[in-house]
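Participant: Provide a 3D model corresponding to the input given below.
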Amino acid sequence: MGIITIAIISATYAIGIRYINEPEVVILIILILSVILLIITFIITQSFERLVEANRLKSEFVSIVSHQLRSPLSNIRWAIELLMSGRLGKIEEAQLDYFRILKDNSSRMSELARDLLIVSRIEQGKLPLNVQHISLVGLIKGLIADFQPFVQASNIEIVFESDDNIPDILTDPSQVKLIIENLLDNAVRYIKEKGKVEIKLKRKDDSLVFQIKDNGVGIPQTDQKYIFQKFFRSSNILKHQTQGTGLGLFITKAIAEKMGGEIKFKSEENKGTIFWFTFPIK
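Facilitator: Numbers count the residues shown, from 1 in each chain. Alright, predicted model coming up:
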């Protein structure tokens, strides 16, 4: 704003001395214009400061609420699992169905609280990176193993291919795990019938490229520009009523960029989606 103000005043002065013969009039015009510009600058600056403060308070509120929700939600989930186990007394099948509903909903709330907390830390620049040397191949295989019960129940096949020359990388394993977990979860969740998820890990120059391909519902062309926005879920996904917070891809993109990588995708509705992101090799 300061540069713009100086530019406008200088332009006004140049025009004034060219077309107005009385220097006093030129000076008066410049003074009046300067006062107006200073008032406008002050108003705009104050507005930006109020917006920044409101955003900070919002992020802190979300962070506090999300953090405080995690403990009671975990306690509720443990209590439900204990009741379902039958160790506190016999559970009838009809009662068990209701406990399953409670467990599923508490898990969804826990997922939302976790994602909101991560988003809040990203927005405040407080998402730490605890780097260490890790085997990306081993991490991916471990995640695939974790997903096997869900994958088998959904009649989905996961295929993993990796180059032979994949080195260990220096990064935060928890953040990398979160990226791959989000992408794998989306790939599996949005396949509505028997399907296949193909995962590839390749080395390209000084980077590693992780790619995941599915033959699920895909992303409509009109929705693709919004896919990394917070809380956005594409129209065809909402029709299938699948669970989700709409925060996974926002978090994935933010973490990938924080690590010095990038994430991209290609998708066609009713045919599937390919996501890939790069890690710099350090």
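
Participant: And the next helix or strand past the lengthiest helix in the chain?
Facilitator: Using DSSP state H, we find that the single longest helix of the chain is helix 23-85. Once the chain leaves helix 23-85, the next helix or strand it forms, by DSSP states H and E, is helix 93-123.

Participant: Paired strands for the helix or strand that that following helix is followed by, with orientation please.
Facilitator: On the C-terminal side of helix 93-123, the closest following helix or strand by DSSP H and E is strand 132-134. Using DSSP bridges, the strands paired with strand 132-134 are strand 169-171 (antiparallel).

Participant: show me the contacts for the nearest residue to Ile156 once chain neighbours are set aside.
Facilitator: Leaving aside its chain neighbours, Ile156 sits nearest to Gly195 (5.1 Å; criterion: Cβ to Cβ, 6 or more residues apart in numbering). (Each C-beta comes from the backbone N, C-alpha and C, glycine too.) Gly195 makes contact with 155-157, 214-216, according to Cβ atoms under 8 Å, 6 or more residues apart in numbering.

Participant: Narrow those to just the buried residues.
Facilitator: 156, 214-216 (16 or more other Cβ atoms under 10 Å).

Participant: and those as TSV, adding distance to Leu208?
Facilitator: As requested, these are exported to TSV (distance: Cβ to Cβ, whole Å):
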residue	distance to Leu208
Ile156	25
Asp214	20
Asn215	24
Gly216	25
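
Participant: Switch those residues over to TSV; also include secondary structure.
Facilitator: Below are those laid out as TSV (DSSP: H, G, I helix; E, B strand; the rest coil):
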residue	secondary structure
Ile156	strand
Asp214	strand
Asn215	coil
Gly216	coil
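
Participant: Closest to Trp78 out of the contacts of Gly195?
Facilitator: Nearest to Trp78 among the contacts of Gly195: Ile156, at 29.4 Å, using Cβ to Cβ.

Participant: Show the pLDDT at that closest one.
Facilitator: Note on Ile156: pLDDT of 89.

Participant: you'd agree it is up against Lys192?
Facilitator: No. The pair Ile156 / Lys192 is not scored as a contact, 10.4 Å apart, by Cβ atoms under 8 Å.

Participant: Could you check how many residues crowd around Asp223?
Facilitator: Applying other Cβ atoms under 10 Å, we find 17 residues neighbouring Asp223.

Participant: again, but for the one 5 residues further on
Facilitator: Phe228 sits with 15 neighbouring residues when counted by other Cβ under 10 Å.

Participant: picking up where we left off before, if you count contacts, what does the longest helix of the chain end up packed against?
Facilitator: Under the contact criterion of 3 or more Cβ pairs under 8 Å, 6 or more residues apart in numbering; DSSP states H and E, helix 23-85 touches helix 2-19, helix 93-123.

Participant: Report the buried residues of the last one.
Facilitator: Within helix 93-123, the residues that qualify as buried are 103, 106, 109-123, counting by 16+ other Cβ under 10 Å.

Participant: what's the angle between it and helix 23-85?
Facilitator: Per axes from the mean of the first three to the mean of the last three Cα atoms, to 10 degrees, the angle that helix 93-123 makes with helix 23-85 is 150 degrees.

Participant: what helices or strands is helix 93-123 leaning on?
Facilitator: So helix 93-123, by 3+ Cβ pairs under 8 Å, 6+ apart, packs with helix 23-85, helix 248-258.

Participant: Could you pull up the mean pLDDT of that helix?
Facilitator: Here the average pLDDT along helix 93-123 is 79.

Participant: quick one, it and helix 248-258 angle?
Facilitator: Using the same axes, to 10 degrees: helix 93-123 against helix 248-258 is 40 degrees.

Participant: hmm, back to that, turn the helices and strands packed on helix 23-85 into JSON lines, including distance to Ile169.
Facilitator: As requested, the helices and strands packed on helix 23-85 are exported to JSON lines (distance: least, Cβ to Cβ, whole Å):
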{"stretch": "helix 2-19", "distance to Ile169": "43"}
{"stretch": "helix 93-123", "distance to Ile169": "21"}
